[in-house]
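Engineer: sequence-free structure coming up:
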């Protein structure tokens, strides 16, 4: 019976979203903005849908990013001490040092489903329930060109985290494909026409219908996308190809894991900045941690660095090095949001699947909530305690945006009153 009720609620929600979007399209058409033009440029569509959504915002953060880092952390090596600029990071959390004043470090918490093989329930309240990124996309940006965008870095192959209407959704692991999907126009462009041409043409078509600040906003967005495309072109060998390169031109191997992670972060930030979505998720690998980061001292797979890869040394140097580096990739995304001037309107959360991964412990576990402007206490450590778990991280991040997930409880010391 409960499954039937959930199905009815999902169908009702989808119907409301469809009706709302159709109504907006009619409004745009009455203003001389055609559906064909919107299809030709997701950027222009995002600006217009974002304008409508902004009018309904209540001054709370209206964007969110969920990050998954597998393999947990050893609490006594991870925990920062102090606060603000004087905060001292632990060996495992050293990668977050550059953004420590933007973070609320949640300490000594638990994980209700610790261990490998739990990816489908890390962001959801059950194996067949919708995930955080989907729920938040429906709540914050149902009229955006993309309700949510789920990105990964070598994350496919061992379960998924994003679930929509109970269906598991694979990670978008190829940044070049993602760039084309998110920023490439479906009309008005071809393999011989730069992606940007379709956007510029559509932008010029609606310029006279926008307020001055919106024109500036649109130009800033186009600049951001052009910069991301430039990065992609440079990584593909500087060929200046007319469309974003795919993995046949730039092999997506473990040798380029960190580059791929930063590219996915660039794409995530640009999509949020341009009003293409309000909800992004990003996973670094999957629960088996079967990837390498060869620029580090330890060049083996992450999983092995956790289980015996440090040669039995008590300070787990290789596990520590790998975990700190993954933290630096999260920090890169947080910094990019700040550089784009949207960190204050974005709540970022970082989750994992266990505490000390060598023993698959569910307590203590460390998490992070970042951004959110004056809505979130930042630059602090927060010993929340073992009565709080990963679902409470989701609940608290959602509540900071004014959204009730329907599960979890608020973690004290995160949301500013």
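Structural biologist: Okay, I see it. Treat the numbers as computed from the prediction; the structure is a model and nothing was measured.

Engineer: Ignoring the adjacent residues along the chain, who's closest to residue 381?
Structural biologist: residue 105 (4.7 Å; C-beta to C-beta, 6 or more residues apart in numbering). Where C-beta positions appear, they are placed from N, C-alpha and C, glycine not excepted.

Engineer: and if you look at residue 333?
Structural biologist: residue 265 (3.9 Å).

Engineer: need the contact list for the one you found.
Structural biologist: Applying C-beta atoms under 8 Å, 6 or more residues apart in numbering to residue 265 gives the contacts 282, 329, 332-333, 336.

Engineer: which phi and psi does it have?
Structural biologist: The phi/psi pair for residue 265 (degrees, to the nearest 10) reads phi -60, psi -40.

Engineer: mind checking how far it is from residue 79?
Structural biologist: The gap separating residue 265 from residue 79 is 25 Å, by C-beta to C-beta, to the nearest Å.

Engineer: Please enumerate the helices of the protein.
Structural biologist: 2-30, 35-40, 42-54, 75-78, 132-140, 175-183, 195-206, 212-235, 257-273, 302-306, 317-339, 390-400 (DSSP state H).

Engineer: Which one of the ones you listed has the poorest average confidence?
Structural biologist: When these are compared by mean pLDDT, helix 2-30 comes last with a mean of 49.

Engineer: can I get the contacts of residue 265 in a markdown table with neighbour count and distance to residue 177?
Structural biologist: Listed next are the contacts of residue 265 as a markdown table, based on neighbours: other C-beta atoms under 10 Å; distance: C-beta to C-beta, whole Å:
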| residue | neighbour count | distance to residue 177 |
| --- | --- | --- |
| 282 | 28 | 15 |
| 329 | 22 | 20 |
| 332 | 19 | 21 |
| 333 | 25 | 19 |
| 336 | 19 | 20 |
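
Engineer: ok, now how distant is the residue nearest to residue 333 from residue 373?
Structural biologist: Taking C-beta to C-beta, one finds residue 265 at 20 Å from residue 373.

Engineer: Could you do residue 124 as well?
Structural biologist: Residue 124 is 27 Å from residue 373, by C-beta to C-beta.

Engineer: How about residue 271?
Structural biologist: For residue 271, the distance to residue 373 - C-beta to C-beta - is 20 Å.

Engineer: More neighbours: which of those two?
Structural biologist: residue 271 (30 against 16; other C-beta atoms under 10 Å).

Engineer: from memory that one sits against residue 146, does it?
Structural biologist: Yes. Contact criterion C-beta atoms under 8 Å: residue 271 and residue 146 qualify, at 7.1 Å.

Engineer: intersection of neighbour lists for the two?
Structural biologist: Common neighbours of residue 271 and residue 146 (C-beta under 8 Å, 6+ apart) are 182, 277.

Engineer: Residue 369 is in contact with residue 397, correct?
Structural biologist: Yes. Using C-beta under 8 Å, residue 397 is in contact with residue 369, at 5.6 Å.

Engineer: any shared contact partners between the two?
Structural biologist: 347, 349.

Engineer: Which one of those two is surrounded by more residues?
Structural biologist: residue 397 (32 against 24).

Engineer: quick one: contacts of stretch 393-402?
Structural biologist: Contacts for stretch 393-402 (C-beta under 8 Å, 6+ apart): 58, 60-64, 66, 106, 109, 123, 132, 135-136, 139-140, 347, 349, 351, 367, 369, 372, 375-376, 404-405, 407-411, 414-415.

Engineer: mind listing what's buried in that stretch?
Structural biologist: 393-401 (16 or more other C-beta atoms under 10 Å).

Engineer: If the residue nearest to residue 381 is in a bridge, with which residues?
Structural biologist: residue 368, residue 381 (DSSP bridges).

Engineer: Check whether it really touches residue 378, as I assumed.
Structural biologist: No. Counting by C-beta under 8 Å, residue 105 does not reach residue 378; the two are 9.7 Å apart.

Engineer: quick one: which of these two has more around it?
Structural biologist: residue 105 (28 against 24).

Engineer: Identify the residues contacting the more buried one.
Structural biologist: Residue 105 neighbours (C-beta under 8 Å, 6+ apart): 79-80, 93, 96, 366, 368, 380-382.

Engineer: can you pull the pLDDT of it?
Structural biologist: On the pLDDT scale, residue 105 gets 98.

Engineer: ok, it to residue 363 distance?
Structural biologist: 17 Å.

Engineer: same question, residue 158
Structural biologist: 24 Å.

Engineer: ditto for residue 370
Structural biologist: 23 Å.

Engineer: So which of these two has more stuff around it?
Structural biologist: residue 370 (29 against 16).

Engineer: Could you single out the nearest of the contacts of residue 265 to residue 293?
Structural biologist: The nearest member of the contacts of residue 265 to residue 293, counting by C-beta to C-beta, is residue 329 at 9.5 Å.

Engineer: I'd say that closest one and residue 259 touch.
Structural biologist: No. In this structure residue 329 lies outside contact range of residue 259 using C-beta under 8 Å: 10.4 Å.

Engineer: and for those two, which residues touch both?
Structural biologist: By C-beta under 8 Å, 6+ apart, no residue touches both residue 329 and residue 259.

Engineer: The closest residue to residue 317 other than its chain neighbours: neighbouring residues, count only.
Structural biologist: Residue nearest to residue 317 in three dimensions, not counting chain neighbours: residue 310, with 5.3 Å by C-beta to C-beta, 6+ apart. Residue 310: 19 surrounding residues under other C-beta under 10 Å.

Engineer: Then the one 4 residues further on?
Structural biologist: Residue 314 has 7 neighbouring residues, counting by other C-beta under 10 Å.

Engineer: for residue 123, same thing?
Structural biologist: So residue 123, with other C-beta under 10 Å, has 28 neighbours.
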